[in-house]
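A.B. asks: fold the following, please.
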Amino acid sequence: ESKDIMIEEKKDKDTIYEITSLIYNRNEKIGITRIGITKKHLEERIRMLKKRVILLAAMLGFFGMVAGLFISSRLTRPLYQLTRFTTTLTDADFDFNKDKNIEDIKASLKAGKDEIGLLAGSFHRMIKRLEKVIDELRRSEERHRSLWEHAEDPMIRFTPDKKIIAVNKRVEEVIGYPRPQIIGSDIYSIINNNYRNIFDEIVQYTLTKGKAPTTEMEILTRDRRVLTIEVDIRPVIENNEVIALQGHFRDISRRKEIEQELIKAARFGAMGELALTLSHEINNPLGIIMGFTQRLLDKVDAAHPFYDSMRIITKEGKRCKKIMENLLTFSRPPLFEFYFVDLQSLVEDSLELLSPSFQKHEISVEKSIPDDLPELYADPSQIKQVLINIFLNAVDAMPQGGKLIISASLEDSYINIIISDSGMGIKREDLDRLFTPFFSTKEDGTGIGLLISKRIVEGHGGRIAIESELGVGTACLIWLPSKTKP
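C.D. replies: Here you go, the predicted model:
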């Protein structure tokens, strides 16, 4: 048993703390124990202890922070990847192959078995399903785009206000314009003027009732060809609203040409048989009538009361003979002998043959044919017949005189010949009938000349058209293919 007694005393300006302990054994004092320490030493020991405590606290704080960051990263990384992926989805960016870090995202979503890990796993499975669905959609879109682009018929998509927004490759090939020039233009630019009202009707029908019935129309190409087409128009619907219309333009020009050729062949065959029969049955009695009429005219003078009547009989008999000759010519298939010929020479030869008629009717002639115009690969006699027929029609249209203008130019692969006059013009309702057999706007016309000219031009692979305005004049447009010498 001991009793501690603390004594404070100063020594050499330093405080000394002493602890004296009396040692007892059964209440009997047997000794004394004294322990002393200076205040300076004690304070130094306390300072050292404080430093160790602070250091230990700092170490504990640092390791706690590192552990916290590690745990936090383990918790927040999957959440960050989930957030990043959901942002990708909300931005409608479904091209997973585009992001080079997307595989890291998917890998991170696989890990973990806690609640966050389970959520990440669900997102990973959703990614897989989305990738599959989006891949199928992408393949379907590519198939649809390929079918659209490589369709055999022209396909045009346009807005309800008739602005073209998309075309396929076939449109460029048929119309002749490049795609950038077509897109953004008005669809009326390719519709023949005579069919615009019909086109408006089927567009309006499609907008109000759905797909319109198949309609036959005409469109214009860059080289001024007129194509007959069948049009199917369907609405393009999005969110229960028609956002565009899609037209399927099926070219049936060749089918119509074959139909017309069959009709013409049947008509020409019938006309040929009729012409042969009539030439035999009519020419003989007609020759007898004209012969006796001429003998009577030779025996009477101009003062005879029947002189004018007999002269009219002779004149009309000659006209009937001319009609029969033209009919026989028209009923026979033309035979062409093709050569490379100069258009300038053909025009000058034809004008020279008719120069007396031009002088008689005081008709001036102007020519505008380039010297560097390619030669025609044509039958010169047949083309000359076409030119003479057109020139004669111009003379008949200008009985009081006027101007005949002949011009030519190269357009794409065709030589375009324009023969215009300043005559009386043709009524609009008669224009469509000009190439009908036996139809003529002239009192003594046979109605065969233009039809023969059309047949000759088409036999050369060309095209002929008539434009006219009553009281202004008439223009005949001829397109003949240009070929290069071998």
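
A.B. asks: only C-alpha atoms from now on, for both contacts and neighbour counts.
C.D. replies: OK.

A.B. asks: contacts only, for the residue nearest the centre of the chain.
C.D. replies: In the chain, the centroid-proximal residue (C-alpha atoms, centre = their mean) is residue 167; its distance is 3.3 Å. Residue 167 makes contact with 154, 155, 156, 157, 179, 182, 183, according to C-alpha atoms under 8 Å, 6 or more residues apart in numbering.

A.B. asks: and it, bridged to which residues?
C.D. replies: When bridges are called by DSSP bridges, residue 167 pairs up with residue 156.

A.B. asks: from the contacts of residue 167, which is closest to residue 319?
C.D. replies: residue 154 (50.5 Å; C-alpha to C-alpha).

A.B. asks: just the pLDDT for the closest one.
C.D. replies: Among the per-residue scores, residue 154 holds a pLDDT of 89.

A.B. asks: what of the one 3 residues further on?
C.D. replies: Among the per-residue scores, residue 157 shows a pLDDT of 91.

A.B. asks: correct me, but it touches residue 246?
C.D. replies: Yes - applying C-alpha atoms under 8 Å, one finds residue 157 in contact with residue 246, separated by 4.3 Å.

A.B. asks: between those two, point out the one with more neighbours.
C.D. replies: Neighbour comparison, residue 157 and residue 246: the larger count goes to residue 157, with 23 against 20 (by other C-alpha atoms under 10 Å).

A.B. asks: report the separation between that one and residue 186.
C.D. replies: Distance of residue 157 to residue 186, given as C-alpha to C-alpha, to the nearest Å: 11 Å.

A.B. asks: same question for residue 367.
C.D. replies: Distance from residue 367 to residue 186, by C-alpha to C-alpha: 37 Å.

A.B. asks: again, but for residue 159
C.D. replies: Residue 159 is 10 Å from residue 186, by C-alpha to C-alpha.

A.B. asks: higher neighbour count, those two?
C.D. replies: Taking other C-alpha under 10 Å, residue 159 and residue 186 do not tie; residue 159 has more neighbours (19 against 16).

A.B. asks: how about low-confidence regions in the protein?
C.D. replies: In the predicted model of the chain, residues 1-14, 17, 71-124, 264-280, 322-323, 325-334, 437-447, 484-486 satisfy pLDDT under 70.

A.B. asks: the stretch 251-400 of the chain: strands as residue ranges?
C.D. replies: Here the stretch 251-400 of the chain has its strands, by DSSP state E, counting those that start in this stretch, at 339-341, 363-368, 376-378.

A.B. asks: compare these and report which one is nearest to residue 63.
C.D. replies: strand 376-378 (98.6 Å).

A.B. asks: the closest one packs against which elements?
C.D. replies: Other helices and strands packing on strand 376-378, by 3 or more C-alpha pairs under 8 Å, 6 or more residues apart in numbering; DSSP states H and E, are strand 339-341, strand 473-481.

A.B. asks: sheet partners, orientation included, of the shortest one?
C.D. replies: The pairing partners recorded for strand 339-341 under DSSP bridges are strand 376-378 (antiparallel).

A.B. asks: contacts for the partner strand?
C.D. replies: The contact list for strand 376-378 (C-alpha under 8 Å, 6+ apart) reads 336-343, 460, 480-483.

A.B. asks: next: stretch 155-162.
C.D. replies: Under the criterion C-alpha under 8 Å, 6+ apart, residues 148, 164-168, 170-171, 186-188, 203, 207, 243-249 lie in contact with stretch 155-162.

A.B. asks: just the buried residues from those, in ChimeraX please.
C.D. replies: Here is the ChimeraX command that selects the buried residues among the contacts of stretch 155-162 (16 or more other C-alpha atoms under 10 Å):
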select :148,164,165,166,167,168,170,171,186,187,188,203,207,244,245,246,247,248,249
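
A.B. asks: for residue 216, what are its contacts?
C.D. replies: Going by C-alpha under 8 Å, 6+ apart, residue 216 touches 228, 229, 230, 231.

A.B. asks: if I look at the third one, how far off is residue 57?
C.D. replies: Distance of residue 230 to residue 57, computed by C-alpha to C-alpha: 91 Å.

A.B. asks: which one's more surrounded, the two?
C.D. replies: For residue 230 and residue 57, the more surrounded residue by other C-alpha under 10 Å is residue 230, and the numbers stand at 16 against 12.

A.B. asks: wasn't the more buried one part of a strand?
C.D. replies: Yes - with DSSP: H, G, I helix; E, B strand; the rest coil as the criterion, residue 230 is assigned to a strand.

A.B. asks: ok, and the closest non-adjacent residue to it?
C.D. replies: Once flanking residues are discounted, residue 230 sits nearest to residue 216: 4.5 Å by C-alpha to C-alpha, 6 or more residues apart in numbering.

A.B. asks: phi first, then psi, for that neighbour.
C.D. replies: phi -90, psi 130 (degrees, to the nearest 10).

A.B. asks: now it: how far from residue 263?
C.D. replies: From residue 216 across to residue 263, the span is 19 Å (C-alpha to C-alpha).
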